[in-house]
Each structure stands twice: as structure tokens, then as C-alpha cells.
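>>> Fold the following for me, if possible:
(one chain, ligands or ions: 1)
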Amino acid sequence: MTEGTDMRHWTIVAAWCLLAAASLTKADAQQPGEAARPTAYLGARLIIGDGSAPIEDSAFVVENARFTGVGQRNTLAVPPTAARVDLTGKTVIPALVDGHSHIGYMRNLTSGAVNYTRENILDHMHRFAYFGVGASQSMGSDFGELPFQLRDEILAGKHPDAARFLTAGRGLAPLVEISPDNMRQAAFPVTTPEGARASVEELVPRKVNLIKTWVDDRGGTIKKLTPDLYNAIIAEAHAHNLRVAVHATDLQDAKALLRAGIDVFAHMISEVDEELVTLFRQHPNTAVLSALGGPHRAVYAPWLKPVHPLILETVLPEQIKRLQGRFPIANPEQFARSKAAWDRLARGISRLSAAGVKIGVGTDGGGQQGDQFIGWTMHTELENMVMAGIPPARALEAATRTSAEILGLADLGAIAAGKSADFVVLDANPLDDITNTRRISDVYLRGRRVDREKLRAGFLARQR
Ligand SMILES: [Zn+2]
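Residues are numbered from 1 along each chain as shown. Alright, predicted model coming up:
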């Protein structure tokens, strides 16, 4: 036994003694990382989330579910009563934030409103937590009371192993985009500016954190949302201090939406030119969520062969097989088209990033392109960004601080005093290789260690 292991052993023994003593006076037993007692995490390489150089041999203290001190191990004052957790050799990052997902629809081989139940939404929020995602933004596909109830229950700490569920409630879509078999079945149909304003007003008292809409002619097959309608949506949302996120990938639509004051692009725009870059410079608060996963996996999905262990742990074999059958695309012409689309997206996002445009990470996980495995897509998205030319530190910043800022989450996205103690302990450094974000040792949400062993057993049991 090495001295380090010995120390760790005695730290654990000491923690257990304190825990046993605490349980004499308190009904609910505590563990390191529990809210009530301060816990110091020592020795990790710490990536704060703001793109700055990591702190080697760090220390940080968590108390009452928040970070209370962050710094160097040899200088940070640690409360004498604190439990100590040795993280030597580990790398710690802030919990990741997914800016674009569709929660509650996917369940094993099926996807649809029929799966939108309390159990399935919670299952998705457990999957996010399992994968180190602290919060995920459902983008306009929620309906009924459930999303608001579950959002509030998770915030109140009733589901300690669940990630935060952010909801835009029902999105706003043109009537022709709404169909019972797509996720816009949840949307308010938009036909007049007055109706659009009224729909936004219905969402205000539900305290949605943004408004979602769609501007897309679906390959020329439908009449897309017109400027008079999206202008009304944007004006009404802004009058209530709400931001508007749009699904719009066409370059000309993107320019018109920027001029109209749009706040967030829910997907990367399909191509970028000088005029678009100039418009972003003129609208520095407008952000882009990456959502590169759908287009990229058509041409790049090595994690399917051999299947990555995190997928095997969480996804039904038949569902994995179905995706393997679709990718990579066998038809060479179709493959070439997909490759060209990815190359354009990659050039575009690295150009916007270099121009200083605010870029967050959205995965479109759980979406209807199919088999976008909840939680896992965050890790492929980080790899996609790096493959598109964004340095790993910037990609991590996008997935933490910037995503949190775009979603209005003041207490997430960074490891800093006062923020919610949501962090991921990794076995390897993602600055060396971004796929190291998949080497998850532990996840902590709201200062408490997520019971990943229990969750894993539940995912596997649920597949049968
Ligand atoms: Zn989406």
C-alpha cells in the first residue's frame, strides 16, 4: 500500500467516524459531499471553466451545496471541521450544461409524446447527471403541467440524483410544422402576430427561462414562419425580459433574425460568410448553440464500433444496433453530401468562435433525428467542437460557463465561491484529449455525490 492510499484510507476511516457521530444526533446520515458539513476536495487539477489555465494541486471547499473557497492546496484556508477528500491524480471540471435537448420523448426504440411521463423525464434527468451534465435545456417540446412540476421538484432537492431540468415550455411554431408524430405537437400554433404575443404571455407566468421558435422551410417543403410573426414573438418576449431561441440554420434566415434581435440560435448555422460575422459583431449578446452532433455522426461515429462502455451501460442493445445500421452511411453520394455539410459547419463554427461570437454547447439530445442518446451526446459534442478546430479549453468553456450564461444560470458553469457545487471528477485530463471527459470517476450535484452505481443498475433494469 502506498503512502497516498494509506492516507486516503485513514481519511475515509476518519470520515466514517465523524459520520457515525453525526448520525447519533441527526436522523439522516451524512457522507462526504453532503450539504450540511463542509468538505474539502484536495489535490486535483482544477479546470475552473472560464478558459483560464488549470490550477494544479488545487483545493476547494463545499458547504451547504455551494463552493465556499477555491484555490491552491498550499494556500487555501480549509475549515478545521471539514471532511477531506483526496483527489490527487484526478481532474475536476464544472458540471457540463446542455443548452439544447428534447426531454421525455425518447424511450428505448420509440420516440413520441406517448413516452412523455414523469418516470421518463426523471429517467432522462438521471442520465444527464450520470454523464456529468448538471442542467439541460428542453427546447420547446414540453407540454402540460409535468415539466414545471419536475423542474421545481428538482430545484427543491426532491430528486438528488437528477440534473436540473430547464424548460421553455411549449415552443411557438407555424401550423404546418405541427404534427401529432413530431415534437412540435407540443407547440403553440402561430398564425397571427396577436396570437403569437398571446402565446408568449401564457408562458410568462410559468417562469420559462426562454422562448423557443422555429424558422425552417424543411427543405422547401413548407412555408416557414414569416418575419411579422417572429418579430411579434421577439418583441413580446423582450417586453417580459425573456430571450428567444430559434431553430434556423439557413444563412439568409440567420441574417434576418439577427437584424430582428434574436437572442439564441439553437443550432449552428449551416454556413458562415463575412456579412454574418459582421452582424454577430453588431449583436454581441446573440449566442449560438453548437448542435453539431446530428450532422457529424453521419460521417464520424467511432464510438459505435467498438461501442463505448458508457453507451453499453445506458442504452438498449437493439437501439445501439439500429444506430450502427444507419452510420456510417453506405451510399457514397449521400456520404459525400453529409461530409460536405459537416465540413461547412466545422469551418463556420471555428470562424465564429475565432471572431469572438458567444458559442455554447447544445446537443439536440433526445431529438427526432433518432438515437441521440441522452447524456452521451454531450461528450460527442465536445469532441465535435474540437474536431471543428476549437481548442479543448474553449470547448470546455463553451459547455460550462458560456452555456450557463446563455441559459441565465448564474450559479452554474464554473467552480467559484458562491456557485452551486456541481462538478465532475475525471480520471484523465480533457485538455490533453477532449474524449477524456468520458472518463468519469464521480459526479457531484448541489454538493452531493451522485449515486452512479445505483443509477447504472436502474438503467440496465429498465431496458428489460
Ligand atoms: Zn432541437
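
>>> could you check the distance from the most centrally placed residue in the chain over to residue 135?
Ranked by distance to the mean C-alpha position of the chain (CA atoms, centre = their mean), the top residue is residue 98 at 1.4 Å. Computed as CB to CB, to the nearest Å, the residue 98 to residue 135 distance reads 7 Å. Backbone N, C-alpha and C define where each C-beta goes, glycine included.

>>> Find residues that contact each of those two.
Both residue 98 and residue 135 are contacted by residue 128, under the criterion CB atoms under 8 Å, 6 or more residues apart in numbering.

>>> looking at this, the residue nearest to the centre of the chain is in a helix?
No - counting by DSSP: H, G, I helix; E, B strand; the rest coil, residue 98 is not part of a helix but strand.

>>> residue contacts, it?
Residues in contact with residue 98, defined by CB under 8 Å, 6+ apart, are 128, 133, 135-137, 361-363, 365, 377-378, 403.

>>> which of these lies closest to residue 297?
Set against residue 297, the nearest of the contacts of residue 98 by CB to CB is residue 377 (8.9 Å).

>>> burial of the closest one, as a residue count?
By other CB atoms under 10 Å, 28 other residues sit near residue 377.

>>> chain center to the helix or strand it falls within, what's the gap?
Taking DSSP states H and E as the definition, residue 377 sits inside helix 376-387. Taking the mean of its C-alpha atoms, helix 376-387 sits 11 Å from the chain's own mean (CA atoms, centre = their mean, to the nearest Å).

>>> Could you list every helix and strand that that helix packs against?
For helix 376-387, the elements it packs on are strand 96-101, helix 293-297, helix 309-312, helix 392-397, judged by 3 or more CB pairs under 8 Å, 6 or more residues apart in numbering; DSSP states H and E.

>>> Report the angle between it and strand 96-101.
100 degrees (axes from the mean of the first three to the mean of the last three CA atoms, to 10 degrees).

>>> what pLDDT, on average, does helix 376-387 get?
Averaged across helix 376-387, the pLDDT comes to 98.

>>> by contact count, what packs against the one helix or strand residue 345 maps to?
Per DSSP H and E, residue 345 falls inside helix 332-354. Packing partners of helix 332-354 (3+ CB pairs under 8 Å, 6+ apart): helix 274-282, helix 293-297, strand 358-360.

>>> could you redo the last one with a cut-off of 7 Å?
If contacts are counted by 3 or more CB pairs under 7 Å, 6 or more residues apart in numbering; DSSP states H and E, helix 332-354 sits against helix 293-297, strand 358-360.

>>> ok so, going back, which of the residues in the helix holding residue 377 are classified as buried?
Within helix 376-387, the residues scored as buried using 16 or more other CB atoms under 10 Å are 376-387.

>>> got the angle between that helix and helix 332-354?
Using the same axes, to 10 degrees: helix 376-387 against helix 332-354 is 80 degrees.
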